[in-house]
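Engineer: got a structure for you, letters missing:
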C-alpha cells in the first residue's frame, strides 16, 4: 500500500526551523546534513513558486 503525501509551506518552515535549532551553536555541520538542508530549501522554494503561480493564474490554470 502506498500513500501520496505532500508538504505545505508551514511544514517546510518547521523543518528548516528544526535544522536551525539543531545546528545553531555549531559551525561544524556534517556534509550529509547540509546537503539535506539544501534539498529541503529547494523544495520549499519550488512550493512557494507553485503557490505564487496558482495565485496569478488560479488553480484552473487560467489568468485571473
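Structural biologist: Sure thing, it's come through. All figures in this text were calculated on a predicted structure; none of them were measured in a lab.
Engineer: Kindly provide the distance from the spatially most central residue of the chain to residue 26.
Structural biologist: Geometric centre of the chain, nearest residue: residue 44, 2.3 Å, by CA atoms, centre = their mean. Residue 44 sits 22 Å away from residue 26, going by CB to CB, to the nearest Å. Where C-beta positions appear, they are placed from N, C-alpha and C, glycine not excepted.
Engineer: Name the residues of the helix or strand residue 33 falls within that are buried.
Structural biologist: Assigned by DSSP states H and E, residue 33 belongs to helix 31-57. Neighbour counts using 16 or more other CB atoms under 10 Å place 37, 40, 44, 47 of helix 31-57 among the buried residues.
Engineer: now for those residues, which pair is the farthest apart?
Structural biologist: 37 and 47 (15.6 Å; CB to CB).
Engineer: Closest one to residue 54 out of the buried residues of helix 31-57, please.
Structural biologist: Nearest member of the buried residues of helix 31-57 to residue 54, counting by CB to CB, is residue 47, at 10.7 Å.
Engineer: OK, contacts around the nearest residue to that closest one once chain neighbours are set aside?
Structural biologist: Closest residue to residue 47 apart from its sequence neighbours, by CB to CB, 6 or more residues apart in numbering: residue 9 at 5.8 Å. Residue 9 is in contact with 44, 47, 48, 51, counting by CB atoms under 8 Å, 6 or more residues apart in numbering.
Engineer: Tell me which of the residues you listed has the lowest pLDDT.
Structural biologist: In terms of pLDDT, the least confident member of the contacts of residue 9 is residue 51, at 88.
Engineer: And that one, how close does it get to residue 10?
Structural biologist: From residue 51 over to residue 10 the distance is 12 Å, taken as CB to CB.
Engineer: and if you look at residue 45?
Structural biologist: Distance, residue 45 to residue 10, by CB to CB: 15 Å.
Engineer: Also residue 38?
Structural biologist: Taken as CB to CB, the span from residue 38 to residue 10 is 20 Å.
Engineer: Next: residue 29.
Structural biologist: For residue 29, the distance to residue 10 equals 24 Å [CB to CB].
Engineer: between the two, which one's more packed in?
Structural biologist: Taking neighbours as other CB atoms under 10 Å, residue 29 and residue 10 compare with residue 29 leading, 13 against 8.
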